[in-house]
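Participant: Provide a 3D model corresponding to the input given below.
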Amino acid sequence: MSTSSTEMKPEAGSNASNVQPNVVVVGSFMMDLIVRTERIPKEGETVIGKEFQRAPGGKGANQAVAAARLGARVTMVGRVGDDLFGQDQIRSLQAAGIETRYITIDPEAPSGVGSVTVDMSTGNNRIIIVPGANMRCTPEDVDRAAAALEQADVILLQCEIPQEVNLHVLRRAKQLGKPVIFNPAPARPLDQETLELVTVLTPNETEAEALTGIEIRTVQDAERAAQRLREQGVQTVIITLGEKGSLLYDDAGPKLSPAWPVDVVDPTAAGDAFNGAFAVAYAKGMPVDEALRFANAAGALTVTGIGAQPSIPTLERLEAFMREKGQSV
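Facilitator: Reported below is the predicted structural model:
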């Protein structure tokens, strides 16, 4: 399936008029341990940080929370450890109204953890993840959620779970006629079958570089990378470009959607908010210009807060933000 430059067309089984579209996220959980510091330490150096915060995260869980807060009915599939962090993750999703019955509690592996250091002077961050139970997710975990997949309007995937699981979901989605938005983060090689089964691929600049070998410094570089990904079999490519916005490349060619100017506090989960928001817009059949503007706004508003899930906006807050900037949803 491909999208046009004017309107997105969900696959059979979707309903563009859904007030509350169904989004299924198969993906990861990470408990983020966040330190904010006036500067990042040099090699071998110790610095005194300014703030510490623990917050539920992980690309899959973040995208699920974003979609739920923006109006979707969301089901999450994945694995956590049988520990405090796993319990906190499930409670956080349930508080957002997300269906958690298909989350497997693994007694043999700890929940995933992310170490996040935020440079307060620039707003940039550095993240190290220890995946834990996430990498023990299996195709059988997905099969237990068959009923949810059958009801999905769109499925969201990322790269913090085994690739064999993602490929299993993509094959099942093709059988069911369901669109899949694949956020290839963190970057890793993707085989030809995966690329051909993805409906919308959403790398950032770093991930697009890793997938194509094209160094991205300008919008024109991003266009060349997106074109190469389409030549490799991807139907629709969206490269998120930070303060430059996001670049869509589909059958109608490249189109840049500008960013929303904000003061960056913590960029953690900005891409996840973008993907969750875009999934909701896609499932509703929103015109692509509006969908990208909506998703860009969600990502922008997220960077103004601290932590992953705590900073992801609700629909009401996002609509207010867009109105303040002189635009409406």
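Participant: Let's see the pLDDT reported for the spatially most central residue of the chain.
Facilitator: Centre of the chain computed as the mean C-alpha position; nearest residue by Cα atoms, centre = their mean is residue 272, 3.2 Å away. Note on residue 272: pLDDT of 94.
Participant: show me the contacts for it.
Facilitator: Applying Cβ atoms under 8 Å, 6 or more residues apart in numbering, we find residue 272 in contact with 59, 62-63, 66, 183, 302, 308, 312. The C-beta positions use only the backbone N, C-alpha and C, and glycine is treated the same way.
Participant: Give me the buried entries from those residues.
Facilitator: Burial by neighbour count, 16 or more other Cβ atoms under 10 Å: within the contacts of residue 272 this picks out 59, 62-63, 66, 183, 302, 308, 312.
Participant: List just the nearest of those to residue 247.
Facilitator: Nearest to residue 247, judged by Cβ to Cβ, of the buried ones among the contacts of residue 272 is residue 183 at 15.0 Å.
Participant: Identify the bridge partners of residue 154.
Facilitator: Beta-bridge partners recorded for residue 154 (DSSP bridges): residue 23.
Participant: From residue 133, how far off is it?
Facilitator: Distance, residue 154 to residue 133, by Cβ to Cβ, to the nearest Å: 25 Å.
Participant: The stretch 51-200 of the chain: helices as residue ranges?
Facilitator: Taking DSSP state H, counting those that start in this stretch as the test, the helices found in the stretch 51-200 of the chain are 59-69, 84-95, 139-143, 146-151, 163-176, 192-197.
Participant: Mind pulling the model confidence for the residue nearest to residue 119 when sequence neighbours are not counted?
Facilitator: Nearest residue to residue 119, sequence neighbours excluded (Cβ to Cβ, 6 or more residues apart in numbering): residue 40, at 5.2 Å. We have a pLDDT of 90 for residue 40.
Participant: Flag the shaky bits of this structure, pLDDT-wise.
Facilitator: 1-18, 327-329 (pLDDT under 70).
Participant: for the buried ones among the contacts of residue 272, which one is nearest residue 146?
Facilitator: Distances from residue 146 to these, taken by Cβ to Cβ, are shortest for residue 63, at 20.8 Å.
Participant: isn't there a strand covering residue 32?
Facilitator: Yes. Under DSSP: H, G, I helix; E, B strand; the rest coil, residue 32 falls within a strand.
Participant: beta partners for it?
Facilitator: Counting by DSSP bridges, the residues bridging with residue 32 are residue 55, residue 114.
Participant: list the contacts for it?
Facilitator: Applying Cβ under 8 Å, 6+ apart, the residues near residue 32 are 53-57, 113-114, 116, 268, 307-308.
Participant: Just the buried residues out of those residues, in PyMOL syntax.
Facilitator: Buried subset of these, written as a PyMOL selection, criterion 16+ other Cβ under 10 Å:
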select buried, resi 55+56+57+113+114+116+268+307+308
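Participant: Out of the contacts of residue 32, flag the one nearest to residue 101.
Facilitator: Proximity of the contacts of residue 32 to residue 101 (Cβ to Cβ) peaks at residue 56, which lies at 18.1 Å.
Participant: doesn't residue 95 make contact with that closest one?
Facilitator: No. Residue 56 is beyond contact range of residue 95, at 9.7 Å (criterion: Cβ atoms under 8 Å).
Participant: how about the contacts of residue 272 in a markdown table, adding distance to residue 223?
Facilitator: Putting these into a markdown table (distance: Cβ to Cβ, whole Å) gives the following:
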| residue | distance to residue 223 |
| --- | --- |
| 59 | 25 |
| 62 | 28 |
| 63 | 25 |
| 66 | 27 |
| 183 | 20 |
| 302 | 26 |
| 308 | 30 |
| 312 | 29 |
